[in-house]
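Student: build the 3D model from these lines:
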Amino acid sequence: MGVRAEGLVGREVEPALAAAVVRGLREGRACALVIEGEAGIGKTRFVQGIVDQVRTGDVTVLYGQAHPFERTRPFGLVAGALGLNRRSADPRRAAIGGLLSGHGPADAAPTSGDIHFRVIDEIVDLLESWCAERPVVLVAEDIHWADVASLSTISSLVRRLPLAALLVIVTTRPSPRLAEVARLLDDLEAGGAQTLHLQPLTSEGLSSLATLVLGAPPGPDLAAMLAKAGGNPLWATAILRSLSDEGMLYRTEGRIEATTPELPTSVRELVVRRLRQLPEATLELLEVTAVLGDAVSLRDVAAVSGHPKGEVVRGLRDAFDAQLLDGAGDRVVFRHQVVHDAIYQHLPAAARRLLHREAAAALVAAGADRLDVADHLLLGAERGDQQAITWLRDAAREASSRAPLVSVDLVRHAEALLPRGHRDADLVACEMVQALLRAGIVAEASGRAEALLARQHPDEVDTPLRLALVGALALQNRAAELVAVAQGSLASARLRPSDEMLVLAQESWALTYSGDPVAGEAVANRALDIAGQAGEAAMEVWPLTALLVAVGRQGRYGEALGHAQRAADLASRSPDLRTRPLQPRFFLGLALFDCDLVNEARIAYRESLRDEFGSGWWLSDTLTADAEVSFAVGEWDDAVLGLIAGGQAAQEKGNQLLVTQSLAYRTIIATAVGDRRAASELVVQLTRELENDQLSYNAGILAAAVAGVREAEGDAEGAYGVLLRCWRFDVARENRYYHRWLAPDLVRLALLLGHRDVAAEVTGAAQAAAGLAPQVRTVRSVALRCQGLLDATVEPMIEAVELARQVPLVVLHTGACEDAAAVLARGGRADEAAALLGEALERHERAGADAWAARVRALLRSLGVHPGQRGSRQRPTSGWESLTETERTVSLLVAEGLTNGAVARRMFISPYTVNTHLRHVFGKLGISNRVALATVAHRSIE
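Tutor: Here you go, the predicted model:
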């Protein structure tokens, strides 16, 4: 399994690592290898050795290389490696190529910023499908020059395909290192990548290299000369070949010696020495070629030099003969990047800048894409170059959806080229704010927008800046500032009706989530009136969504559902893309779930997920909400995996509120199943959140989770304190959203600890909430349950249980049964109490809530009933029988050859969730790849 020796001359440790990653690939395991080293140290030769070895087997090799001056080409490195071109004979590659070129299908036209996420998703799915057929090696050389979109794609591939037969190899120089490259390397390391730092060759290694090149070992004098190469194989080889070409080597006593001790001090000097031997015309063409890059087309050289293509070919012939250039398909390639760098750096800085500027103009005139030549503009333009500024701004607009970060870089450079006090300075600054917002750099976007709005500025940028600032503040959850900006904008700015509606909708959400849903409702209604007067149905979706959130937080769930249904209907009938970022099906799912329409909510979430595969606007929210449905109905194995997937997606988006929400549900599950260690670890972050002076709008579920852990530990007082603080926080803001979670336990604990006044207060609030949503059974059940606990009366408790039975929500059902049993037992009705406890026990066991089931068994024993120790579902811990129903379904679909994305679409879940399921499946079955999974799956159904 070793790598070919000629790629590893003088290396001893490296071959073992290479053999290990190749072996892992052969066994179907995902691997990643980072090869780092200075130019000429042997990175490419080492990679080629690995590639040569795996090519002997049934392995697909994808090779991509980043090049100088191409950082503004979105997905350039990855597109080259995978052959993503809209003219490709492969329909899938052609489709992705179409997206990259802006020629995607009409029904796939997403809102700004979506193409970036969609392309990454499509590439991940494509690679996974190839990995299912045979192992794949993806090589990404010289990522220090790569575009940001390609770096993001490589990170996504490694993170999202940890179970595929995929070997990712990246090479890079140690410096300089851009922040995006450092982030990718951190991601790869976190994912278990091996890192190989190629060190300089030892004197023995240099001697072996010389023997390989010359056919005999070096003598002492030549060995001393080679030592000046600093262990760099390229430099050492260049020295040997130069001495040989110039007839300065001779053989003596079986060794090779040099006739002179004089030696160039660097590869660059050696290359420059060769340049002096070239004709002037060839040197000029070579300099143009170096400015264009290290691998360029003859057509581009001809366009920039102004010479016919045939003349260019003849003119470069001497450079080929001097072994400075080589050919690769239709491209002219420098023999090594060090050679390219030497020629490029040999040019005076002013000459390089001028050539870059001329190259940009010539290539654009020849029909090149603006983004393909933007790097030349960045390197060639000087302050005040109006044409370059215009080109960069146009290129930034072109890049905004495909590569938002590239767009930021282009506008930043255009801004830097503007002369001080230029009339377009504020206009370009506004474009910068919008680009930053699209790229997710929201803090800088809001800071720039605030600074620009605070000083005198042109009217034409006022509204775009205010809209961008409102959006940036919303993304940062800076609700109070958002409200102030929105109100100031509405009072002073001349907004179009559509813009006024958007500002009002954002203000409504801010008011609602900052604790004033009543004001949020009023503002949303104002927005809805404006949208109605405009007569555009698509405009109504925004205020309707804001309105349903505001009234839902107040506990008017029926009204919220009506608004949600109307918004979803309008969006489905409108082609207007302004409705898309809202994902009305997701909000419909929330409203349906709040009304106890659990199955309908699940359908809405999964329809929303299907749309989210290609955009990601609400992916983490939808994943988490779908997992919460699984939690609510007692499918806790699936819930945990969904919550993990949702939490990971939220972490990637920087949505800390959803991260803690996911942790809260996982904490409740860990407490219920009796995993005290996991519950103790998970609850730490939740406790920190609840200790803040200002609670978040999802504090209710966090409090329920923390209180559950404390009560399980015997700290009833601590549990009561956490619940009461969140209750007071919500009541002060007329937020009834978490009443169903907080009220029953708070009443029970208040009575236990002698706080009857608090129990009465909470019961009154629960009954008032039931009056706002009389059609929602769980809301009425909670009110009756609180009343029965407070008054110690049986009838309300029995009715509460009956209502809870009509809804498939485990925690509310079992809680009603246990509380009713306590009241019945105190009234001497032990048999009825035992029956309800048995009902709760059965639901706990079905969900796997072993700790809660144990609590109920203890209560039954106190009534003289001795239930059998059935435990939970008694599922084995390993083997096919240990898999949950969902895990089996995923396994069987994967065994059919479906990718994670295809399985996700078939099951209406997310690829993140599929990936999490497969991790658990592989662990339970003791396997490491999909081929082994297919074998086990097929054997199970024989």
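
Student: which pLDDT value goes with residue 805?
Tutor: We have a pLDDT of 96 for residue 805.

Student: these two touch, right, it and residue 813?
Tutor: Yes: Residue 805 is within contact range of residue 813, at 6.4 Å (criterion: CB atoms under 8 Å). For every residue, glycine as well, the C-beta is placed using N, CA and C.

Student: can you pull the contacts of residue 665?
Tutor: Taking CB atoms under 8 Å, 6 or more residues apart in numbering, we find residue 665 in contact with 627, 628, 631, 639, 643, 701, 705.

Student: surely it is in a strand?
Tutor: No: counting by DSSP: H, G, I helix; E, B strand; the rest coil, residue 665 falls outside a strand, being helix.

Student: going forward can the numbers begin at 485, since that is how I track them
Tutor: In the new numbering, first residue 485, that becomes residue 1149.

Student: state the distance from it to residue 1128.
Tutor: Distance from residue 1149 to residue 1128, counting by CB to CB, to the nearest Å: 11 Å.

Student: can you list the weak-confidence ranges in the stretch 1235-1384 of the chain?
Tutor: Along the stretch 1235-1384 of the chain, segments meeting pLDDT under 70 span 1352-1359.

Student: 90 instead?
Tutor: Across the stretch 1235-1384 of the chain, the ranges flagged by pLDDT under 90 are 1349-1384.

Student: which stretches of it form strands?
Tutor: Remark: strands of the stretch 1235-1384 of the chain are absent; assignment by DSSP state E, counting those that start in this stretch.

Student: re the thing from before, who's more crowded, residue 1289 and residue 1297?
Tutor: For residue 1289 versus residue 1297, neighbours defined as other CB atoms under 10 Å are more numerous around residue 1297 (23 against 14).

Student: for the more buried one, which non-adjacent residue is spatially closest?
Tutor: residue 1288 (4.4 Å; CB to CB, 6 or more residues apart in numbering).

Student: wouldn't the one you found be in contact with residue 1262 here?
Tutor: Yes: between residue 1288 and residue 1262 there is a contact under CB under 8 Å: 6.9 Å.

Student: find residues that contact each of those two.
Tutor: residue 1296.

Student: and stretch 951-966, how far out from the chain middle?
Tutor: Distance, stretch centre to chain centre, for stretch 951-966: 22 Å (CA atoms, centre = their mean, to the nearest Å).

Student: show residues contacting that stretch.
Tutor: By CB under 8 Å, 6+ apart, stretch 951-966 touches 914, 917-918, 921, 926-927, 929-930, 933-934, 937, 969-970, 973, 983, 986-987, 990-991, 993-995, 997-998, 1141.

Student: ok, now how distant is residue 1327 from residue 725?
Tutor: For residue 1327, the distance to residue 725 - CB to CB - is 79 Å.

Student: which one of those two is surrounded by more residues?
Tutor: Counted by other CB under 10 Å, residue 1327 and residue 725 do not tie: residue 1327 has more neighbours, with 20 against 14.

Student: now do the contacts for the more buried one.
Tutor: 1118, 1294, 1297, 1298, 1301 are the contacts of residue 1327 under CB under 8 Å, 6+ apart.

Student: make JSON lines out of the residues you listed and add distance to residue 874.
Tutor: Shown next, in JSON lines, are these (distance: CB to CB, whole Å):
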{"residue": "1118", "distance to residue 874": "62"}
{"residue": "1294", "distance to residue 874": "62"}
{"residue": "1297", "distance to residue 874": "66"}
{"residue": "1298", "distance to residue 874": "67"}
{"residue": "1301", "distance to residue 874": "72"}
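
Student: okay, now residue 942: neighbour count?
Tutor: Neighbours of residue 942 using other CB under 10 Å come to 12.

Student: residues in contact with it?
Tutor: Residues near residue 942 by CB under 8 Å, 6+ apart: 910, 911.

Student: now do the most centrally placed residue in the chain against residue 646, distance only.
Tutor: Geometric centre of the chain, nearest residue: residue 1136, 4.8 Å, by CA atoms, centre = their mean. According to CB to CB, residue 1136 stands 15 Å off from residue 646.

Student: ok, residue 617 next?
Tutor: Going from residue 617 to residue 646 by CB to CB gives 18 Å.

Student: who has more neighbours, these two?
Tutor: With neighbours defined as other CB under 10 Å, residue 617 and residue 646 compare such that residue 646 has more, 18 against 11.
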